[in-house]
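Chemist: Here is the input, now give the coordinates:
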Amino acid sequence: MNPSIVAKTKQLTKTWQFAAGFLLVTHLAGIIGLAWSFTRPYFQWATPINLLVSVILLLLFHRHWNRAFIFFLAFTFILGVGIEIIGVHSEVVFGTYQYGDTLGFKVLGVPLVIGINWFILSYCTGIICSSLSFGPLIKSLFATVMMVALDFFIEPVAISFDFWHWEDEAVPLRNYLGWLAVAWVIQLFFVYLPFSKKNPVANYLFIAQVVFFLILSSIV
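Modeler: Here you go, the predicted structure:
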C-alpha cells in the first residue's frame, strides 16, 4: 500500500478517535455538572451548545456526502421540528407537553435544537443497525426500538432539567407510540435512501448519550 495512503489513514483514525473521546468526555462532564446544584444552571445553559457541537462532529465524519444524504438531513430536521410543533399545539401526537427554556431559541414553542436531536438519534441508531445481517425493514425496526428505548431514559432527565414538561409530569403512553411512528418513518428513509451508512463517530456519540441519560435518570 502507498505509504502516503497509510499515513493519511492513520491520521484520520487518530482524528475520529479524538472526536469520539471528546464527545465521551463532554457527556461525562455534563453528568457531573448537572448532578451538582451549584454548577447545574451553567450546564443547562450549555445543553444546546453541546448538541450543536455533537452534530458538527458527527457530520464532519460522514463519508461521501451526496444529494440523498443532504435530503435525509433536511428531511429529518424539518420533520422533527414540524411534528413537535404539531404535538405541542394539538396535544395529539405525543400528549400534553410544553418546552422549557433550557434548549434555547424556539419557533412556535419548539426549540430548533430538537430537530438536531431527532437527526442525531435517527442517524446514530441507523448507522449502528446498518451492520446487522437483516433486511432493511428489520434494520429500521431495530433502530426505531433503540430510539424509543433511549427516550424512556431521556424523559425523567428532560423533566428535571426543564427541557420539557408533561401535564402532571406524567409521561403518557401516547408519547412512546408517537415516537415509534415518527422514528420508523425516519428510519425507513434512512435505510432506503442511497447514501453512505458509515461513520466511526456515530457509535460513540450514541454510547455517550446512553451513558449520559442512563446515569442522570437514575439520580434525578
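Chemist: Can you pull the phi and psi angles for His165?
Modeler: Dihedral pair for His165: phi -140, psi 140, per degrees, to the nearest 10.
Chemist: Quickly list what it is bridged to.
Modeler: As for beta bridges, His165 partners with Gln98 under DSSP bridges.
Chemist: show me the contacts for it.
Modeler: Applying C-beta atoms under 8 Å, 6 or more residues apart in numbering, we find His165 in contact with Tyr97, Gln98, Tyr99, Gly100, Ile159. To be clear about C-beta, it is placed using only N, CA and C from the backbone, and glycine gets the same treatment.
Chemist: Tell me if I'm right that the first one and Ile159 touch.
Modeler: No. At 9.5 Å, Tyr97 and Ile159 do not qualify as touching, with contact defined as C-beta atoms under 8 Å.
Chemist: in this protein, which spans are helices?
Modeler: Taking DSSP state H, the helices of the chain run over residues 3-35, 40-60, 67-90, 113-130, 136-160, 173-192, 202-219.
Chemist: ok, and which of those has the densest surroundings?
Modeler: Greatest average neighbour count among these goes to helix 113-130 (a mean of 23), per mean count of other C-beta atoms under 10 Å.
Chemist: Also compute the angle for that one relative to helix 67-90, please.
Modeler: 130 degrees (axes from the mean of the first three to the mean of the last three C-alpha atoms, to 10 degrees).
Chemist: Can you give the contact residues for helix 113-130?
Modeler: With C-beta under 8 Å, 6+ apart as the test, helix 113-130 has contacts from 48, 51-52, 54-55, 58, 73, 76-81, 84, 99, 103-104, 139-140, 142-144, 146-147, 150, 183, 186-187, 190-191, 197-199, 202-203, 205-206, 209.
Chemist: Same list (the helices of the chain) but as JSON lines, adding mean pLDDT and distance to Trp166.
Modeler: Shown next, in JSON lines, are the helices of the chain (pLDDT from 0 to 100; distance: least, C-beta to C-beta, whole Å):
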{"stretch": "helix 3-35", "mean pLDDT": "74", "distance to Trp166": "20"}
{"stretch": "helix 40-60", "mean pLDDT": "94", "distance to Trp166": "18"}
{"stretch": "helix 67-90", "mean pLDDT": "97", "distance to Trp166": "12"}
{"stretch": "helix 113-130", "mean pLDDT": "97", "distance to Trp166": "15"}
{"stretch": "helix 136-160", "mean pLDDT": "96", "distance to Trp166": "7"}
{"stretch": "helix 173-192", "mean pLDDT": "97", "distance to Trp166": "8"}
{"stretch": "helix 202-219", "mean pLDDT": "93", "distance to Trp166": "15"}
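Chemist: who are the neighbours in contact with Trp65?
Modeler: Phe195.
Chemist: What confidence value was assigned to it?
Modeler: Looking at Trp65, its pLDDT reads 94.
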